[in-house]
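J.: Any chance you can model this:
(2 chains)
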Amino acid sequence: MATRDLVLSALFAAIIVALGLVPPIMLGFIPVPITAQSLGVMLAGVVLGAKRGTISVLLVLVLAAIGLPVLSGGRGGLAVFMAPTTGYLIGWVFAALTTGYLSQLLVSHSQAGFVQTVNFFVAALFGGVIVLYICGISYLALVTGLGFSKAFMGSLAFIPGDVLKAVIAALAGRAVMVGYPLLPQRA
Amino acid sequence: MRSLHINGDSVLHRLPAAVKLAALAVISLVLFMIDNAGFLASAALAGLAGHALLRISAAEIWRRMRPFALIVVAVALFTVTFNGTAEGLTAFFRLAALALFASLVTATTTTGDFIDVITRAAMPLERLGILKARDVGLSIGLVIRFVPEILSRYEVIRDAHYARGLKPRPVSLIVPLIITTLQSADEIAAAIDARGIRSQK
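T.: Residues are numbered from 1 along each chain as shown, chains lettered A, B, ... in the order given. Here you go, the predicted structure:
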């Protein structure tokens, strides 16, 4: 792995940590604040692609595991990996991987700006919402013995917010691509 | 960024980190295999009693466990509602015990000890040519070094919005934050290579 790739992954991990520490950002049109950390996971895939995006998310989880309060709300330590919601944390890795892979597959520089944004949205939605919730809900269902349908119902309330984050990730991903392109291109 | 480690000299502090991690893995497996509410309740009590070794106040213990209390209680109530009281109690004690034991390992192990364990665990991967074990420590150091810098950069961008009479919006905050941060990657990478930090041996 080139030193530059390692540095990019580490810097993005630091961005994800920082997004967990800033106060929740208010959206203009709905009165609900969004916590930006899971947005950071989608952004890692959208901006850095599959490999480096996944490494940056893994780094955040390693920092949390070794006892640093890097997760939103100052959470950290091994206990976050022994909680009913641990599946969502494990899901972050696959969310960044899927988002990054799909971004590389779907988005190219020759596309029109609107098409790029839509493709980034598809990548973020599939990775950051669908894959993430499959991991989170399966883990919740298995660990607590609740069963899939009840675990799904318990998670339902959070899905609209995460779809909104996929929109923001797509807009931001396209803007970063214009300003400082880093996404590996498929030949 | 302050670690959740607590200084001390208890038996748990003196145990090697690898032993504590292995014990935590075994304990969590046992907790998942046994369904007896009485056993799980005594396990949770043992985890709580272990916190006495840390010599911290009850308020401090509560402050450390609070983020987990909410989700554990929520899941337990959900289970009581749908699967009955007995299963709800089992879920509550099992999840509480898991969080308490994990929190004990975190409180008694330093960040440096953890990094040593991870580096050693990564050695087989290095032999397979997947990664360099020493990169793990380097990357962790980089993240810790840059979080405060990114936070102050975030504040600068937000203040720039206010100075221009603009409301901070997610996209207009995050895009400049990502671009300015990642643009420094080349310089940092050059600095790391110039010092030969990643060179073999």
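
J.: what element comes up after the longest helix along chain A heading to the C-terminus?
T.: Taking DSSP state H as the assignment, the helix of chain A that covers the most residues is helix A:37-65. Following helix A:37-65 in sequence order, the next helix or strand is helix A:86-106 (DSSP states H and E).

J.: Which elements pack onto that following helix?
T.: For helix A:86-106, the helices and strands in contact under the criterion 3 or more CB pairs under 8 Å, 6 or more residues apart in numbering or on different chains; DSSP states H and E are helix A:37-65, helix A:113-125, helix A:132-144. (C-beta placed from N, C-alpha, C; glycine too.)

J.: Could you list the low-pLDDT ranges of chain A?
T.: Chain A contains residues with pLDDT under 70 at A:24-35, A:185-187.

J.: what comes up buried for stretch B:111-127?
T.: Within stretch B:111-127, the residues scored as buried using 16 or more other CB atoms under 10 Å in any protein chain shown are B:Thr111, B:Asp113, B:Phe114, B:Ile115, B:Val117, B:Ile118, B:Thr119, B:Ala122.

J.: can you tell me which residues contact B:Ala59?
T.: Residues near B:Ala59 by CB atoms under 8 Å, 6 or more residues apart in numbering or on different chains: none.

J.: how about it, phi and psi?
T.: B:Ala59 adopts backbone torsions of phi -60, psi -40, taken as degrees, to the nearest 10.

J.: and what of A:Leu183?
T.: phi -60, psi 120.

J.: ok, now which ones touch it?
T.: Neighbouring residues of A:Leu183 by CB under 8 Å, 6+ apart: A:Val46, A:Val47, A:Leu48, A:Gly49, A:Ser103, A:Gln104, A:Val107, A:Met177.

J.: Tabulate the helices and strands packed on helix A:86-106 in a markdown table, adding columns for distance to A:Met1 and mean neighbour count.
T.: Converted to a markdown table, the helices and strands packed on helix A:86-106 look like this (distance: least, CB to CB, whole Å; neighbours: other CB atoms under 10 Å in any protein chain shown):
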| stretch | distance to A:Met1 | mean neighbour count |
| --- | --- | --- |
| helix A:37-65 | 8 | 26 |
| helix A:113-125 | 23 | 20 |
| helix A:132-144 | 25 | 21 |
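
J.: can you list these in CSV and add distance to A:Leu183?
T.: CSV is the format used below for those (distance: least, CB to CB, whole Å):
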stretch, distance to A:Leu183
helix A:37-65, 5
helix A:113-125, 9
helix A:132-144, 20
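
J.: Determine which of those helices approaches B:Ala23 most closely.
T.: Within the helices and strands packed on helix A:86-106, the stretch nearest B:Ala23 is helix A:37-65; the backing value is 15.6 Å (CB to CB).
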